[in-house]
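# Okay, predicted coordinates and the sequence, questions at the end:
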Amino acid sequence: MGIRSPIIRDGRPEERPDLEELQRRASLIWDSDRPHLLAHPDALAFYRRCGFVETGEVSTRFGPGIRMELAL
């Protein structure tokens, strides 16, 4: 039995909550990010409730971020 190559695929919509929680927990390992994440745990949910939709990814000096747009 040999080592198999990993399968990489896009996440499914029903996996979103689990993936967001995984990302949040993984982000908490960084001492510099931890206070901000703990102070604003619902920031992304807030923007979604306001009608913003995710339209892709954007590069920032801190790493990849979520690009969000609001139709006016």
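That came through fine. Numbering: from 1, shown residues only.
# Show me the shaky parts of the chain.
Applying pLDDT under 70 to the chain flags the ranges 1.
# now the helices for the protein?
Using DSSP state H, the helices found in the chain span residues 16-27, 34-39, 43-49.
# Relative to residue 26, how far out is the residue most central in space within the chain?
Central residue of the chain (C-alpha atoms, centre = their mean): residue 20, 5.4 Å from the mean position. Distance of residue 20 to residue 26, computed by C-beta to C-beta, to the nearest Å: 11 Å. All C-beta spots, glycine's among them, are computed from the backbone N, C-alpha and C.
# Same check on residue 14?
20 Å.
# In a markdown table: the helices of the chain, plus distance to residue 4.
Compiled in a markdown table, the helices of the chain are given as follows (distance: least, C-beta to C-beta, whole Å):
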| stretch | distance to residue 4 |
| --- | --- |
| helix 16-27 | 22 |
| helix 34-39 | 34 |
| helix 43-49 | 34 |
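# So residue 58 sits against residue 66, correct?
Yes. Using C-beta atoms under 8 Å, residue 58 is in contact with residue 66, at 7.4 Å.
# In contact with residue 50, which residues?
Residues near residue 50 by C-beta atoms under 8 Å, 6 or more residues apart in numbering: residue 70.
# how about the helices of the chain, which one is nearest residue 10?
helix 16-27 (10.8 Å; C-beta to C-beta).
# Can you give the contact residues for the closest one?
For helix 16-27, using C-beta under 8 Å, 6+ apart, the contacting residues are 11, 33, 34, 37, 41, 44.
# do that again at 7 Å, thanks
Helix 16-27 has contacts (C-beta atoms under 7 Å, 6 or more residues apart in numbering) with 11, 33, 37.
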